[in-house]
Structure formats: structure tokens, C-alpha cells
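Engineer: build me a model:
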Amino acid sequence: QGQLVESGGGLVQAGDSLRLSCAARGRMFSNNGLAWFRRAPGKDREFLASIGWKADSTVLADPVKDRFTISRDNANNMLYLQMDNLKPEDTAVYYCAAARRPYGSKNAGDYNYWGQGTQVTVSS
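Structural biologist: Model prediction:
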């Protein structure tokens with residue numbers, strides 16, 4: 001069974017940057033679409049970004065498209081989310097996910113592997 005493990009979260013100030021990492025263990029996900037989601041307190045899970053298996057197709061949600069970048073390293077089975085100019089409204093638990101198909105989507109139901117999440121807190 002595969003496992004996804006996020007890291008890189010923490011407490012930062014508004015305007016700071018963070019890079020989240022997601023390590024895939026137990027199986028390769030190089031042929032799967034990958035994505036980042038987040039869940040803020042009291043809110044539904046929110047799609048942030050997805051990337052296809054070749055890293056040739058990326059989709060970013062409107063609230064973050066000018067500030068976040070998704071990337072992957074298939075050789076090392078890693079997924080990343082570079083987050084710049086963080087805002088207090090970015091405070092949430094961030095999750096990485098692997099899709100059943102080679103390309104990602106905005107639909108959480110298309111993902112069958114999820115990490116445990118990493119907390120990001122942005123102070124004003």
C-alpha cells in the first residue's frame with residue numbers, strides 16, 4: 001500500500017513563503033496525477049493545485065494561482081507546493097493526494113491516496 005506524507009508546514013507571518021513537500025512511500029506515484037488541497041477551520045476542503053504525471057499540465061485554483069506553484073520530482077517520488085506572499089486566510093491544514101488517473105482534477109473524489117496533512121498558520 002502506498003502512503004503520502006506531508007511536511008514543511010509551520011507558523012509564518014503574512015508575506016512570508018513556505019514550501020510544502022509530500023513524500024510518497026511504499027509505491028511509486030510517477031504515473032498518477034497529484035494535487036494539493038487544504039481545509040481551513042469551519043470550511044470545506046478546498047482544491048488548490050494539481051499536476052499531471054509528466055508535470056506538463058498544472059492547474060491552480062484562482063485564489064492561489066498568482067502565489068502558489070506546484071511541482072513534482074518523479075525520480076524521487078516527491079510533490080511540492082511553493083507558497084509565496086502568504087496571507088492569514090491561507091491558514092489551514094494542507095493535504096497532498098494521488099489520483100487514480102495520470103492527470104489531476106479539482107474533484108476530491110478522483111483521489112484515492114491522501115496524506116495526513118500539515119498545518120500552515122499565517123499570522124497578520
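Engineer: tell me how far the most centrally placed residue in the chain lies from Ser124.
Structural biologist: Centroid check for the chain by CA atoms, centre = their mean gives Trp36 as the closest residue, at 2.3 Å. Distance of Trp36 to Ser124, given as CB to CB, to the nearest Å: 23 Å. (C-beta placed from N, C-alpha, C; glycine too.)
Engineer: check Phe29 too.
Structural biologist: Going from Phe29 to Ser124 by CB to CB gives 36 Å.
Engineer: check Arg19 too.
Structural biologist: From Arg19 to Ser124 the distance is 21 Å (CB to CB).
Engineer: and Lys54, how many neighbours?
Structural biologist: Around Lys54 there are 12 other residues, counting by other CB atoms under 10 Å.
Engineer: mind listing what the nearest residue to it once chain neighbours are set aside touches?
Structural biologist: Among residues not flanking Lys54 along the chain, Pro102 sits closest, at 8.0 Å (CB to CB, 6 or more residues apart in numbering). By CB atoms under 8 Å, 6 or more residues apart in numbering, Pro102 lies in contact with Asn31, Asn32, Gly33, Gly52, Trp53, Lys54.
Engineer: spatially, which two of these are the most separated?
Structural biologist: Across the contacts of Pro102, the longest distance by CB to CB is 11.3 Å; it joins Asn32 and Lys54.
Engineer: coming back round to it: which of Arg19 and Ser124 has more neighbours?
Structural biologist: Arg19 (13 against 9).
Engineer: sorry, back to before: surely the residue nearest to the centre of the chain and Cys96 touch.
Structural biologist: Yes - the pair Trp36 / Cys96 is scored as a contact, 5.7 Å apart, by CB atoms under 8 Å.
Engineer: which other helices and strands does the helix or strand hosting the residue nearest to the centre of the chain contact?
Structural biologist: Applying DSSP states H and E as the criterion places Trp36 in strand 34-39. The contact analysis (3 or more CB pairs under 8 Å, 6 or more residues apart in numbering; DSSP states H and E) places strand 34-39 against strand 18-25, strand 45-51, strand 68-73, strand 78-83, strand 92-99.
Engineer: between strand 45-51 and that strand, find me the angle.
Structural biologist: Computed by axes from the mean of the first three to the mean of the last three CA atoms, to 10 degrees, the angle separating strand 34-39 from strand 45-51 equals 160 degrees.
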